[in-house]
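Peer 1: fold the following.
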Amino acid sequence: MEYLLLAVIGLAAGVIGALVGLGGGIILVPATLFVGINLGMISGITPQTVVGLSVIMMIFTGLASTLSYMKTKTIDYRSGLIFFAGSVPGTLVGAFVNKGLDLPSFNLYFGILLILLSTLLLVRKYLKPVNWFVNHGKKRTFEDNMGQTFVFGYPVWFALLLTFGVGFASGLFGIGGGSIIVPAMILLFLFPPHVAVGTSMFMVFLSAMVNSVTHISLGNVPWLYTIPVVPAAYIGAKLGAMLNQKMKSETLVIALRIILFILGVRAIIEGIAG
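Peer 2: Numbers count the residues shown, from 1 in each chain. Presented below is the predicted three-dimensional model:
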């Protein structure tokens, strides 16, 4: 029963993560904590083991997504490597901070993050792009399949600072970071949305490999639980990428805002009560 539940959670995380570009960890972590700890249906679950499981899963969901975006040529490899360089130290720091978190503290901080992410998803379409970062950085151009040309860019120092914070959140909570970096790339650096998602997933894939090494060394990875989660999440990521081409993802994003908000409020209440 444990393996079946984990496979279902992994599949859902892969589908939703690939469909809306948020990364599967944002689904896997709260769902596994709830089923494993609150319902008592998965043994040996702690905030540390859930995060360890999540980062291993993200290697494969990140790989599946990256391979798909390589085919459509919507990955800015230079930017992805710069963002990755900034996120690595943040990921390492976040993973070590995670080691000292008890369940109430984890729930409280993770709940706050979920509320922030749901709010960001809600207001990102109403925020005006900022030209300052493009004007003060090296400009790049991209022409999409429709012939539309985009000009985007950023100061490298700010990109490194921003992705350090993204890496810290990724290492601390086991999320992919795409939910934070994609809106920032679009609003601050004026990235074309499809290039932002593709580049973000490339960065998430690289960061997940570094993140996993840290969590493996800390003994946070429940290897037996990766058996159902990894293949289910990989298949889910492929399905999500296919669905993304056939349906409006905005409907799911609306639902995801509500889900993240509810999960966030619940986690904060449990964190305070604990």
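Peer 1: how about the helix or strand of the chain with the lowest mean pLDDT: buried residues?
Peer 2: Least confident helix or strand of the chain, by mean pLDDT, DSSP states H and E, is helix 249-273 with a mean of 78. Across helix 249-273, burial judged by 16 or more other C-beta atoms under 10 Å covers 249, 252-253, 256-257, 259-261, 263-264, 266-268, 270-271. C-betas here are computed from N, CA, C, even on glycine.
Peer 1: and Ser43, how far from Gly271?
Peer 2: 22 Å (C-beta to C-beta, to the nearest Å).
Peer 1: do Gly14 as well
Peer 2: 27 Å.
Peer 1: please apply the same query to Leu19.
Peer 2: 29 Å.
Peer 1: I'd say His136 and Ala159 touch.
Peer 2: No - using C-beta atoms under 8 Å, His136 makes no contact with Ala159, being 11.5 Å away.
Peer 1: more neighbours, those two?
Peer 2: Ala159 (23 against 12; other C-beta atoms under 10 Å).
Peer 1: need the helices for the stretch 1-150 of the chain, in chain order.
Peer 2: Counting by DSSP state H, counting those that start in this stretch, one finds helices in the stretch 1-150 of the chain at the ranges 2-20, 25-33, 47-72, 77-98, 103-123, 132-135.
Peer 1: what packs against the fifth one?
Peer 2: Using 3 or more C-beta pairs under 8 Å, 6 or more residues apart in numbering; DSSP states H and E as the contact criterion, the secondary-structure elements in contact with helix 103-123 are helix 25-33, helix 156-173, helix 178-187, helix 249-273.
Peer 1: list the buried residues of stretch 99-117.
Peer 2: Buried-residue list, stretch 99-117, by 16+ other C-beta under 10 Å: Leu101, Leu103, Phe106, Asn107, Leu108, Tyr109, Phe110, Gly111, Leu113, Leu114, Ile115, Leu117.
Peer 1: got it, and stretch 150-158?
Peer 2: For stretch 150-158, the buried set under the neighbour-count rule, 16+ other C-beta under 10 Å, comprises Phe152, Gly153, Tyr154, Pro155, Phe158.
Peer 1: phi and psi next, for Gly153.
Peer 2: Here is the backbone geometry of Gly153 (degrees, to the nearest 10): phi 170, psi 180.
Peer 1: that should have said Gly24, apologies.
Peer 2: phi -70, psi -20.
Peer 1: my guess is it contacts Thr61. True?
Peer 2: Yes - under the criterion of C-beta under 8 Å, Gly24 makes contact with Thr61 at 4.9 Å.
Peer 1: tell me, what's touching those two both at once?
Peer 2: Ala13, Gly14, Gly17, Ala18, Gly176, Ala233, Gly236, Ala237 (C-beta atoms under 8 Å, 6 or more residues apart in numbering).
Peer 1: measure the second one to Ile75 for me?
Peer 2: To tie it back to what came earlier, the one meant is Gly14. From Gly14 over to Ile75 (counting by C-beta to C-beta), the distance is 19 Å.
Peer 1: neighbour count for the two, which is higher?
Peer 2: Gly14 (32 against 21).
Peer 1: now do the contacts for the more buried one.
Peer 2: Applying C-beta under 8 Å, 6+ apart, we find Gly14 in contact with 24, 57, 61, 64, 232-240.
Peer 1: what about Pro183, neighbour count?
Peer 2: With other C-beta under 10 Å as criterion, Pro183 counts 20.
Peer 1: please apply the same query to the one 3 residues further on.
Peer 2: With neighbours defined by other C-beta under 10 Å, the count for Ile186 comes to 19.
Peer 1: now the residue lying closest to it once chain neighbours are set aside: which helix or strand?
Peer 2: What sits nearest to Ile186 in space, not counting adjacent residues and going by C-beta to C-beta, 6 or more residues apart in numbering, is Ala196, at 5.1 Å. Applying DSSP states H and E as the criterion places Ala196 in helix 193-217.
Peer 1: fine, thanks again, bye for now.
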